[in-house]
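Participant: how would this look folded up:
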Amino acid sequence: MAVSGKGQRSEKKERKKSLLYRFSLWAVPLFFRLLSFVLFATCRVQHQGRVHFDGLAKAKKPFIVSFWHYGVIYIVYQARGIPYVAMVSASRDGEYVSRILQSKGFATVRGSRNKGAIGAMKGLLREMKHGKTAVLVADGSQGPARKAQSGSILLAARTGASILPVGWAADRYKTFRSWDRTALPLPFARVIVRYGEPVHVPQGISGDEVEKYRLQLEQALDEIYEKTWAEFGKEGH
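Facilitator: The predicted structure is shown next:
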């Protein structure tokens, strides 16, 4: 059966979109690495509470890094030195994030609270058994902002891994009109990266106990957030 001119144009348009998408999957991670270097290489960075990170890293056991979503780009930039695995949204846009993380040496698993959560949790468990430290955004990929979800607690309860709360603030930065007001330090900014005391979750907990530790993590992250931004005379970003 002959294909109409309209159908041929539609197929040609779809092939073009597919080629552009595949090209962008290669180009975006490269652009991100170049842009993040240009933006962040000149920043003056002070690490506070680094002893908490170093103690967990020297133990040679996987742990869980937890932070608010607003700071994800800079925290990913800072992540280096140990093997990480991150959970990334299963959406089409999430593929860009996955490629960026993989270009930095991360392993990734795909899923979110609303889609593929069970499979993603199994993937995280598998990678942690192989020695990788998990990186989890505490308030998830869709928020609400600064409201901790239970994923980190459940993962810690399954693995026995400690949760390390982390946050950052800067004297010069840019925010975007997103649900979390994603922030980026500007060139030559003074940046403070703060690590909190690890949260230790007993293995095998459930129900009300999960909620107890979820609130503990949320409080720890908020305390880091408030103290760190207060260093620059701000209540938040």
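
Participant: and stretch 108-120, how far apart are its ends?
Facilitator: Taking CA to CA, to the nearest Å, stretch 108-120 runs 9 Å from one end to the other.

Participant: can you offset everything so residue one is 2?
Facilitator: Will do, 2 is the new start, and the previous item becomes stretch 109-121.

Participant: tell me the mean pLDDT over it?
Facilitator: What stretch 109-121 shows for mean pLDDT is 78.

Participant: cool, and stretch 66-73?
Facilitator: Computed over stretch 66-73, the average pLDDT equals 96.

Participant: got the CA coordinates for it in PDB?
Facilitator: Written as PDB, here are the backbone C-alpha positions of stretch 66-73 (Å, rounded to 0.1, in the frame of the first residue of the first chain):
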ATOM      1  CA  VAL A  66      24.300  10.600  50.700                       C
ATOM      2  CA  SER A  67      21.100  12.700  51.200                       C
ATOM      3  CA  PHE A  68      20.400  16.300  50.300                       C
ATOM      4  CA  TRP A  69      17.600  18.700  49.200                       C
ATOM      5  CA  HIS A  70      16.800  18.900  45.500                       C
ATOM      6  CA  TYR A  71      17.700  22.600  45.100                       C
ATOM      7  CA  GLY A  72      21.400  21.800  45.400                       C
ATOM      8  CA  VAL A  73      21.600  18.700  43.200                       C
END
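
Participant: Worst mean pLDDT across the helices and strands of this structure, which element?
Facilitator: helix 6-41 (a mean of 71; mean pLDDT, DSSP states H and E).

Participant: quick one, helices of this protein?
Facilitator: For the chain, the helices defined by DSSP state H occupy 6-41, 51-59, 73-79, 95-104, 118-130, 152-160, 209-231.

Participant: Make TSV out of the ones you listed and add distance to Pro188 and mean neighbour count.
Facilitator: (Each C-beta comes from the backbone N, C-alpha and C, glycine too.) As requested, the helices of the chain are exported to TSV (distance: least, CB to CB, whole Å; neighbours: other CB atoms under 10 Å):
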stretch	distance to Pro188	mean neighbour count
helix 6-41	6	12
helix 51-59	23	15
helix 73-79	13	20
helix 95-104	20	19
helix 118-130	34	16
helix 152-160	32	22
helix 209-231	20	17
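
Participant: Including distance to Glu198, could the ones you listed go into TSV?
Facilitator: Conversion of the helices of the chain to TSV gives the following (distance: least, CB to CB, whole Å):
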stretch	distance to Glu198
helix 6-41	26
helix 51-59	6
helix 73-79	18
helix 95-104	27
helix 118-130	21
helix 152-160	14
helix 209-231	7
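
Participant: quick one: which of the ones you listed is nearest Thr183?
Facilitator: Comparison of the helices of the chain against Thr183 by CB to CB identifies helix 73-79 as nearest, at 6.8 Å.

Participant: to the chain's geometric centre, what's the distance from that closest one?
Facilitator: 8 Å (CA atoms, centre = their mean, to the nearest Å).

Participant: What is it packed up against?
Facilitator: helix 6-41, strand 134-138, strand 164-171, strand 184-186, strand 191-196 (3 or more CB pairs under 8 Å, 6 or more residues apart in numbering; DSSP states H and E).

Participant: Could you dump these into JSON lines and include distance to Arg178?
Facilitator: Below are those laid out as JSON lines (distance: least, CB to CB, whole Å):
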{"stretch": "helix 6-41", "distance to Arg178": "19"}
{"stretch": "strand 134-138", "distance to Arg178": "19"}
{"stretch": "strand 164-171", "distance to Arg178": "19"}
{"stretch": "strand 184-186", "distance to Arg178": "12"}
{"stretch": "strand 191-196", "distance to Arg178": "22"}
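
Participant: before we move on, the earlier item: Val138 is nearest to which of the helices of the chain?
Facilitator: helix 73-79 (6.0 Å).
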